[in-house]
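K.L.:
Build me a model:
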Amino acid sequence: MAATEPADIEAMLARVLLPLCVAAGAIVLSGFFFPTFVGDVVTGPAWLTLALVFFVSGLGYIALLPYDVEKFETDTKQPAAMLRIRQTGLSGTVRTFIKKQELPTFALPLGVLAAYILFQLVWPSSTEAAVSAAADSMLVATRPMFVFVVLLSVAFCLFVLIGPWGDIKLGGPDTEPAYTYPMYFTLIFTAGIAAGVVFWGPAEALFHYAEPPPYFGVEPQSEAALTPALVYSLFHWGISAWSAYAVIGVPIAYYVFTHDAPLRVSTLLAPVLGVDNLDSAWSTLVDTLAVFVIIAGISTSTALVSEQFLTGIDFQWNVASGTFGPALFVVGLTAIVVISAATGMHRGIRRLATLNIGLFALFALVIAAVGPWGFISRQAPAAVTGYAVEFVPMSVHFGGEWVAEWTVWNYSWWFSWAPFAGLFIAALSKGRRIRTVVFTSVFATSAATLVWFLLLGGSALFVQHSGQQDILGTMAGQNGSEAVAGFPVFASLPLGDLLVFVFLALIIVFMATSADTSTLVVATLATKRTYAPSTGHIVFWGVFQGAVAVSVFMLGGAETLQVLAVLTGAPFAVLAVIAMVGVMRTWYRTERGHRSLLWRVRDRLPAIQMHHDIDPPDDKEP
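P.N.:
Presented below is the predicted three-dimensional model:
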């Protein structure tokens with residue numbers, strides 16, 4: 001096949017996308033910031049179409065910008081094969097796709113998802129009732145298990161961070177990371193958090209304010225309910241959540257880069273099966289379950305955030321999306337995802353992640369500047385202190401139905417995302433010390449998440465508690481939908497139009513940066529182990545995820561599919577325990593001579609006290 005064929009297609013597509021972006025962008029930006037200038041020239045659903053054309057063409061063009069091929073193709077510091085894509089021409093795509101598929105991992109998730117969509121179409125009420133009943137039973141039955149596993153995960157991460165085995169360098173002492181530390185953090189954070197941080201940022205604290213957690217025993221919607229509402233938001237999105245990713249990612253990374261295990265979720269079984277036996281039926285089962293839960297999780301999130309985006313368009317321009325609005329949104333988002341994933345880690349995925357973190361920081365800065373800073377500055381220290389002091393008691397508080405519906409649900413949801421996020425963390429971590437992997441994927445990401453919830457959740461609480469807007473009433477008018485929560489907050493603040501615009505952009509970019517990565521992960525898991533996925537694999541899985549999202553949105557089964565995904569959190573929590581125990585035993589037997597963080601600090605104390613120059617550490621990572 002001619003090597004230039006994919007490049008020719010990309011160049012042609014880029015030439016089409018740029019003028020589309022400029023034209024649509026001029027109208028959309030004018031409509032946001034100079035509505036009187038645009039007037040009635042564009043009305044109704046055309047705003048939705050123009051907004052999608054602007055975002056899709058702009059992000060697609062960014063992903064397709066050229067890059068230095070020689071640098072990345074010859075660089076010996078490249079990460080694992082998962083992050084590479086075999087470029088194939090059109091005529092070879094179908095042949096390559098069929099030949100390289102791992103049949104069970106490919107066919108079983110497709111069959112299960114197709115069966116679910118069929119059942120949702122033919123027997124929607126019975127399907128939803130059966131899945132909900134199974135989830136309710138699971139959440140109650142697995143409550144002690146999740147409490148134990150999450151506490152164990154946090155303890156494991158803390159021990160690795162300060163203990164001697166955190167000093168292990170993945171890939172050997174001479175291996176260098178493929179990405180700078182800021183880019184490493186950016187890729188992990190934007191892929192792992194998805195659009196959930198945008199979806200729940202303004203909403204979760206409001207729910208806890210309206211229905212306070214039983215642990216605190218305060219009156220609903222009272223002054224006393226403000227701090228507990230923020231504390232539990234931090235608890236659900238802090239180190240407990242991110243630890244679920246690390247306890248999957250660290251063992252995989254260690255066995256992949258130290259013992260030459262395959263880059264698969266099933267590598268978690270290496271301590272039990274041995275690295276040479278990871279082609280067993282058990283391994284296939286784990287990878288197959290991982291493919292299913294990744295597709296179900298991403299498709300559900302796509303359907304839910306599309307509701308939030310459409311709510312924002314309706315809020316800004318009073319435009320009802322109609323029957324085909326959700327489908328149009330998902331098609332546009334799928335186009336971004338496919339382009340970004342197909343261009344690979346060094347182009348689309350890396351660039352959209354960078355844009356994502358920039359918009360995230362911009363939005364947070366604007367909220368800090370124009371938001372209710374006096375209220376936030378009073379509540380934030382109290383919330384962070386409460387989170388730290390009450391962390392262990394809240395972690396072991398069973399609390400009946402509320403804990404099952406909120407805390408255990410969140411634990412299970414994070415563990416259901418852990419196969420995708422953990423594998424991605426592992427793939428990026430070659431050349432990093434394990435201590436750095438844990439610090440970044442748990443503590444640095446948690447810090448960024450907590451700042452977001454303090455700013456956005458604090459602003460929402462202030463607007464509601466002060467009576468400026470009845471956000472809870474607005475959500476109740478939307479059948480309890482969390483999607484609308486942020487927009488009344490922005491309307492009550494200065495620069496509200498700018499906040500809405502950046503917020504809508506964040507919805508799309510956050511979802512795209514998770515979905516393009518998940519597409520790459522799924523394509524890798526479904527491809528035979530000796531091959532990297534081709535562009536055909538990438539396109540297929542990206543389109544399939546979008547098709548599932550459209551189906552569940554149109555059939556009204558998004559929340560039911562989310563429940564199915566959550567049900568898989570329990571087996572991955574059990575696998576996490578096996579992996580933690582197994583990798584600790586391996587380290588104890590084989591990894592001698594490493595120094596703990598405390599010893600490293602102790603070695604430098606005399607030099608610090610005597611004001612001598614400190615020799616730089618071997619690794620420039622934190």
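K.L.:
need the contact list for residue 455.
P.N.:
Neighbouring residues of residue 455 by C-beta atoms under 8 Å, 6 or more residues apart in numbering: 364, 367-368, 371, 376. (Each C-beta comes from the backbone N, C-alpha and C, glycine too.)
K.L.:
Okay, now stretch 218-225: how far is its last residue from its first?
P.N.:
Using C-alpha to C-alpha, to the nearest Å, the end-to-end distance of stretch 218-225 comes out at 6 Å.
K.L.:
what does that stretch contact?
P.N.:
For stretch 218-225, contacts defined as C-beta under 8 Å, 6+ apart pick out 208-212, 216, 228, 464-465, 472.
K.L.:
hmm, 10 Å instead?
P.N.:
With contact meaning C-beta atoms under 10 Å, 6 or more residues apart in numbering, stretch 218-225 is reached by 205-206, 208-213, 216-217, 226-229, 461, 464-465, 472.
K.L.:
of those, buried ones?
P.N.:
With burial judged by 16 or more other C-beta atoms under 10 Å, the buried subset of these is 205-206, 208-210, 212-213, 216, 226-229, 461, 464-465, 472.
K.L.:
Residue 357 and residue 350, how far apart?
P.N.:
Distance of residue 357 to residue 350, given as C-beta to C-beta, to the nearest Å: 11 Å.
K.L.:
chain center to stretch 575-590: distance?
P.N.:
For stretch 575-590, the separation from the chain centroid amounts to 26 Å (computed by C-alpha atoms, centre = their mean, to the nearest Å).
K.L.:
Kindly report the same for stretch 163-170.
P.N.:
Centroid separation for stretch 163-170 versus its chain: 26 Å, with C-alpha atoms, centre = their mean.
K.L.:
can you check stretch 409-421 too?
P.N.:
Here stretch 409-421 is found 10 Å from its chain centre; the criterion is C-alpha atoms, centre = their mean.
K.L.:
any idea of the mean pLDDT for it?
P.N.:
Across stretch 409-421, pLDDT averages out at 89.
K.L.:
who touches both of residue 357 and residue 350?
P.N.:
Residues touching both residue 357 and residue 350 (C-beta under 10 Å, 6+ apart): 183, 186-187, 513.
K.L.:
quick one: contacts for residue 230?
P.N.:
By C-beta under 10 Å, 6+ apart, residue 230 lies in contact with 204-205, 208-209, 376, 379-380, 382-384, 386-387, 450, 453-454, 457-458, 461.
K.L.:
try 8 Å
P.N.:
Applying C-beta under 8 Å, 6+ apart, the residues contacting residue 230 are 205, 379-380, 382-383, 386, 453-454, 457-458, 461.
K.L.:
Of those, keep whichever come out buried.
P.N.:
Restricting these to buried positions leaves 205, 379-380, 383, 386, 453-454, 457-458, 461, with burial counted as 16+ other C-beta under 10 Å.
K.L.:
Sitting in helices, which of these do you find?
P.N.:
Assigned to helices by DSSP state H, the following of these qualify: 205, 379-380, 383, 386, 453-454, 457-458, 461.
K.L.:
Those residues into TSV, with extra columns for pLDDT and distance to residue 177?
P.N.:
Conversion of these to TSV gives the following (pLDDT from 0 to 100; distance: C-beta to C-beta, whole Å):
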residue	pLDDT	distance to residue 177
205	93	37
379	93	38
380	93	33
383	95	34
386	94	37
453	94	30
454	95	31
457	93	34
458	94	36
461	94	40
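K.L.:
Perfect, I'm done here.
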